[in-house]
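**Student:** coords please:
(chains A and B)
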Amino acid sequence: MNNDCPNDCLAELSGVSKRYGSVVALDGIDLQVRPGELLSVLGPNGAGKSTAISLLLGLQQPDSGSARLLGRSPLLLETRRGVGVMMQEVALSPELRVCEQIELVASYYPDPLSPDAAMEMTHTTVLGKRPYGKLSGGQKRQVQFAMAVVGRPRLMFLDEPTVGLDLPSRELMWTVLRELVRSGASIVLTTHYLEEAEALADRVVVLAKGRVIASGTVGEIRAVVGHKRIACSTSLSAEVVGSWPGVQKVILERGRLQITASNADTVVRRLAAADAEFQDLEVRSAGLAEAFTELTQETTQEPTQELTHESNQEVAL
Amino acid sequence: MSANSFAIETNVSCNTLSGNTRMSSARLRSAYLTETKFECLRALRAPAFAIPFLLLPLVLYVLFGIFLAGSMSKGDATVARIMFVNWGVFGIMGPGMFGFGMFVATERGQGLLTLKRALPMPPAAYLLSKLVMATLFSAIVMATIVLAAVTLGHSPLSAGQYAAISLVNIFGSLPFCAVGLFIGTLASAKSAPAFANLAYLPFMHLGGLFYPLPKSVQPLEFISPAFYLDKLGLRVVGAPSLDQLASGAAGPSSHATPMVCVVVLTAVTVMFVALAIRRLARVG
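**Tutor:** Purely as a prediction, here's the structure:
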């Protein structure tokens, strides 16, 4: 599929650092996008996600290290003809109609879909004749998505694609993304919605303070942290359970305790011993949200203190 | 949801990926044409931009150039010719300086330029489309002014002269586009109109377009591209400038020969386009 790219990867940052004045945006990171995968880049604001993407797109130059796109320099026009892009906070010309915006972007590519096909695929056909300036925020995102797919790119960079979408539209976009990956496209997706990464990603890279702090499948990331969620109805107070070893968080929610713990088995045994009457037991793996919070907190100065502080707060609730 | 999935499946299957990264010359031409088409279309659809720049020169030319100057000079044909040339220069300055300046500054500020740099848009298509847009506006302005001169202004020029002046002015909008472009790469969307005015107003007044300049100010004329474009146009119709007219029929011989005018206007264009491209390459 990609003969001229070493190691078979579609996009690659190797040993890349980038600073803005005294602020280090990226601190020697390595990042690879493999063929046919949906890679989700997660991280809090200021983690370096957008910088990483703009280096891969050739919008900025790394201070050290190298950025490669489809095996070549991202600065080449020809390279970017294989890439689709959806950015955050872009104001397109409000005077142009939706179909015109899509036709314009299609004209940049060698072998694009017709604007009609792109609109049909992204469920934006009904918006086709409307001026872009009259669309809602969510509709604008859908149109920008159509603009990202219209060039039939092998690789797409989607920066927070579902921000502002209502639930059904979001589900639709997810389905299209899955289908695109199935048909062989690779997608790099940054998102704040952790369930989005969880629902879509083959691989997750977590950035914090300009470094890759974890990468792997959603399952692997969870395993790194290894937390389980336990829910049950019990007469025990949140405070008591919160003091047990291995318990990270306890929340009282509609009469049920929601416990996040690193050693679920021990906690459940202890629950049974302390309150034989406990009911509605439910144990499941913690979501990416918990894993993610945990991982990014580990990079802060005093993780233990912060965790204790947080659990105290939630117990008080 | 399952029904949806099915529908989408059929849609996406037509999206067999394109591994192609080479553009045929026909596709490349289409990229330039499409960019240009939509640039013109959106400028024409933006009434806040289009109306002032299309109507203002016409209205001012009719009021001041035809009626006021006509009655003051008692229908003097030379004055009528000068007025036509001068208001034409005024008309083409606006779209170039403000069109380029505001659009580029706005698109920089709103991330559109960044998106287009990330997309495989041919970089020259960006500038070329805006250039064509500004030229189109200049052509429309010239057409309206010619129409007014013929219908209301007792037609002071021959058909060939109208065509020649229109061509001179349409090409003559290039240096103003270049200055506007440079301003657009420097200023924010909010400050671009102010900066554009900072150049536009002195260019206009020092160009000697509306009134004879006092002797003491005349040396400053040389900083205004409008002065050179005006001289060029006046040469085409064989009329003196307002300064010359005011200081007697013979008039002071001007250093601004047609060759000098062309060289200066070209130099201004090249210099500001180069500055702008350098700045765009650096900051985006």
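
**Student:** B:G184 looks like it's in a strand, true?
**Tutor:** No - if the criterion is DSSP: H, G, I helix; E, B strand; the rest coil, then B:G184 is helix and not within a strand.

**Student:** wait, doesn't it sit right on B:R108?
**Tutor:** Yes - if you go by Cβ atoms under 8 Å, B:G184 and B:R108 touch, sitting 7.3 Å apart. In short, each C-beta sits where N, CA and C put it, glycine included.

**Student:** Counting neighbours, go ahead and name the busier of those two.
**Tutor:** B:G184 (30 against 21; other Cβ atoms under 10 Å in any protein chain shown).

**Student:** ok, and the closest non-adjacent residue to the more buried one?
**Tutor:** Leaving out its chain neighbours, the residue that sits closest to B:G184 by Cβ to Cβ, 6 or more residues apart in numbering or on different chains is B:V104, at 2.9 Å.

**Student:** Assign that neighbour to one of the three secondary structure states.
**Tutor:** Per three-state DSSP, the local secondary structure of B:V104 is helix.

**Student:** pretty sure it is touching B:L186, no?
**Tutor:** No - in terms of Cβ under 8 Å, B:V104 does not count as a neighbour of B:L186; the distance is 9.6 Å.

**Student:** In terms of neighbours, single out the busier of these two.
**Tutor:** B:V104 (26 against 18).

**Student:** Provide a list of residues in contact with that one.
**Tutor:** B:L113, B:K130, B:G180, B:L181, B:G184, B:T185, B:A192 (Cβ atoms under 8 Å, 6 or more residues apart in numbering or on different chains).

**Student:** follow-up on the earlier one: could you check how far the residue nearest to B:G184 is from B:F182?
**Tutor:** Counting by Cβ to Cβ, to the nearest Å, the gap from B:V104 to B:F182 is 9 Å.

**Student:** cool, B:L275 as well?
**Tutor:** Distance of B:L275 to B:F182, computed by Cβ to Cβ: 5 Å.

**Student:** what about the two, which has more around it?
**Tutor:** Using other Cβ under 10 Å as the criterion, B:L275 and B:F182 rank with B:F182 on top: 25 against 16.

**Student:** Now for that one: which residues touch it?
**Tutor:** Residues in contact with B:F182 (Cβ under 8 Å, 6+ apart) are B:F272, B:V273, B:L275, B:A276, B:R279.

**Student:** how about a cut-off of 10 Å?
**Tutor:** Shown in contact with B:F182 (Cβ atoms under 10 Å, 6 or more residues apart in numbering or on different chains): B:100-101, B:104, B:195, B:199, B:271-280.

**Student:** Please pick the buried ones from those.
**Tutor:** Among the contacts of B:F182, the ones that count as buried by 16 or more other Cβ atoms under 10 Å in any protein chain shown are B:F100, B:G101, B:V104, B:F195, B:A199, B:F272, B:V273, B:L275, B:A276, B:I277, B:L280.

**Student:** Could you name the helices and strands sitting against the lengthiest helix in chain A?
**Tutor:** Counting residues, the longest helix found in chain A (DSSP state H) is helix A:167-182. For helix A:167-182, the contact count by 3 or more Cβ pairs under 10 Å, 6 or more residues apart in numbering or on different chains; DSSP states H and E identifies strand A:38-42, helix A:115-121, helix A:137-149, strand A:155-159, strand A:186-190, helix A:194-200, helix B:2-13 as packing neighbours.

**Student:** That helix: which residues count as buried?
**Tutor:** Across helix A:167-182, burial judged by 16+ other Cβ under 10 Å covers A:169-181.

**Student:** Could you do stretch B:124-139 as well?
**Tutor:** Applying 16+ other Cβ under 10 Å to stretch B:124-139 flags B:125-127, B:129-139 as buried.

**Student:** closest to chain A among these?
**Tutor:** Using Cβ to the nearest Cβ, B:A125 is the member of the buried residues of stretch B:124-139 that lies nearest chain A, at 8.5 Å.

**Student:** can you pull the pLDDT of that closest one?
**Tutor:** Among the per-residue scores, B:A125 holds a pLDDT of 92.

**Student:** So the residue nearest to it when sequence neighbours are not counted: helix, strand or coil?
**Tutor:** Nearest residue to B:A125, sequence neighbours excluded (Cβ to Cβ, 6+ apart): B:E35, at 4.3 Å. Following three-state DSSP, we place B:E35 in the helix state.
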